[in-house]
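> give me the fold of what follows.
(one chain, ligands or ions: 1)
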Amino acid sequence: MVESDSDDPCIRMEDLGKLKGEAMLADPRPMDLPRIERAVREILSAVGEDPDREGLLETPARVARMYAEMFAGLHLDPREHLQKVFTEQYDEVVLVKDISFCSMCEHHLLPFIGHAHLAYVPSGKVLGLSKLARVVEVVARRPQVQERMTEEIAGLLVSELGAKGVAVVVEASHSCMTIRGVRKPGSMCVTSSMKGLFRSNLSTRAEVMQLIYGGRR
Ligand SMILES: [Zn+2]
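I've put the predicted structure just below:
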């Protein structure tokens, strides 16, 4: 079973409340928008800009709302999306590929944008397919590094689904490599995490890689 999901990677503000209502973490820290605004104003002054000129007046508030959106995952629990499972005797690979996401590199606070491919071999329990995309969305919306994000998603699928095997492949382009530093536009970073059957059984692993990359030129 293969499903492709290539929606807009950036969730809209109106969806944010919905996401939050669904799965708030018991985290007492709210997003402190006025504090972000003050900090953005400070950065503008520090780089030599005039934060009071007309074009920049709304910028701190706009950036604060953007950060609230980009980091919404800090206050959400991805496990929430992995609770509703169905009993099903299906023990082949389930793959949802091309789940688009945008996350924020925690070293530069610049976006990295790409796709995640999530596969598992169920052990009597299957998950609604859209839930896999939800998990990616929550984990991506935090200050991240791609390696940890990949491992985190795989770990969640193992612990919450009790799947016989889990494979997570993430590919992304990092703005901190394309627009600054070494400036290598077009470079992609690929990370993977293989658990259970996908780690121990070479042909199962080859099968999932073929399902992910087979159709590509
Ligand atoms: Zn970076």
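> which parts of the protein sit against the ion?
Cys105, His107, His108, Cys176 (Cβ under 5 Å from the ion). Every residue, glycine included, has its C-beta placed from N, CA and C.
> wait, doesn't the second one sit right on Gln146?
The one in question is His107. No: judged on Cβ atoms under 8 Å, His107 makes no contact with Gln146 at a distance of 11.1 Å.
> quick one, which of the two is more surrounded?
Gln146 (20 against 11; other Cβ atoms under 10 Å).
> so for that one, what's the nearest residue that isn't a sequence neighbour?
Using Cβ to Cβ, 6 or more residues apart in numbering and skipping residues adjacent in sequence, the residue nearest Gln146 is Thr191, 5.2 Å away.
> what number of residues lie near that neighbour?
By other Cβ under 10 Å, neighbour count at Thr191 equals 18.
> can you list the weak-confidence ranges in the protein?
Low-confidence segments of the chain (pLDDT under 70): 1-29, 217.
> the helix or strand encompassing the residue nearest to Gln146 pairs with which strands, and in what direction?
Using DSSP states H and E, Thr191 sits within strand 189-196. Sheet partners assigned to strand 189-196 using DSSP bridges are listed as strand 165-174 (antiparallel).
> toward the C-terminus, what is the element adjacent to the partner strand?
helix 175-178.
> buried set for that next one?
Of the residues in helix 175-178, Ser175, Met177, Thr178 count as buried by neighbour count, 16 or more other Cβ atoms under 10 Å.
> and if you look at stretch 183-199?
Result for stretch 183-199 [16+ other Cβ under 10 Å]: buried residues Thr191, Ser192, Ser193, Met194, Lys195, Gly196, Leu197, Phe198.
> and the two most separated of these?
Greatest spatial distance among the buried residues of stretch 183-199 (Cβ to Cβ): Thr191 and Leu197, at 19.5 Å.
> related to what we said a few turns ago, of the residues of the chain next to the ion, closest to Glu80?
Nearest to Glu80 among those, with distances taken as Cβ to Cβ, is Cys105, at 25.3 Å.
> and the closest one, how close does it get to Ser123?
Separation of Cys105 from Ser123 (Cβ to Cβ, to the nearest Å) stands at 35 Å.
> these two: which is more packed in?
Looking at Cys105 and Ser123 with other Cβ under 10 Å, you find the greater number of neighbours at Cys105, namely 18 against 14.
> my read is that that one contacts Arg148, right?
No: using Cβ under 8 Å, Cys105 makes no contact with Arg148, being 11.1 Å away.
> quick one on the thing from earlier: for the residue nearest to Gln146, name its beta-bridge partners.
Per DSSP bridges, the residues bridged to Thr191 are Val170.
> would you confirm that it contacts Val145?
No: contact criterion Cβ under 8 Å: Thr191 and Val145 do not qualify, at 9.3 Å.
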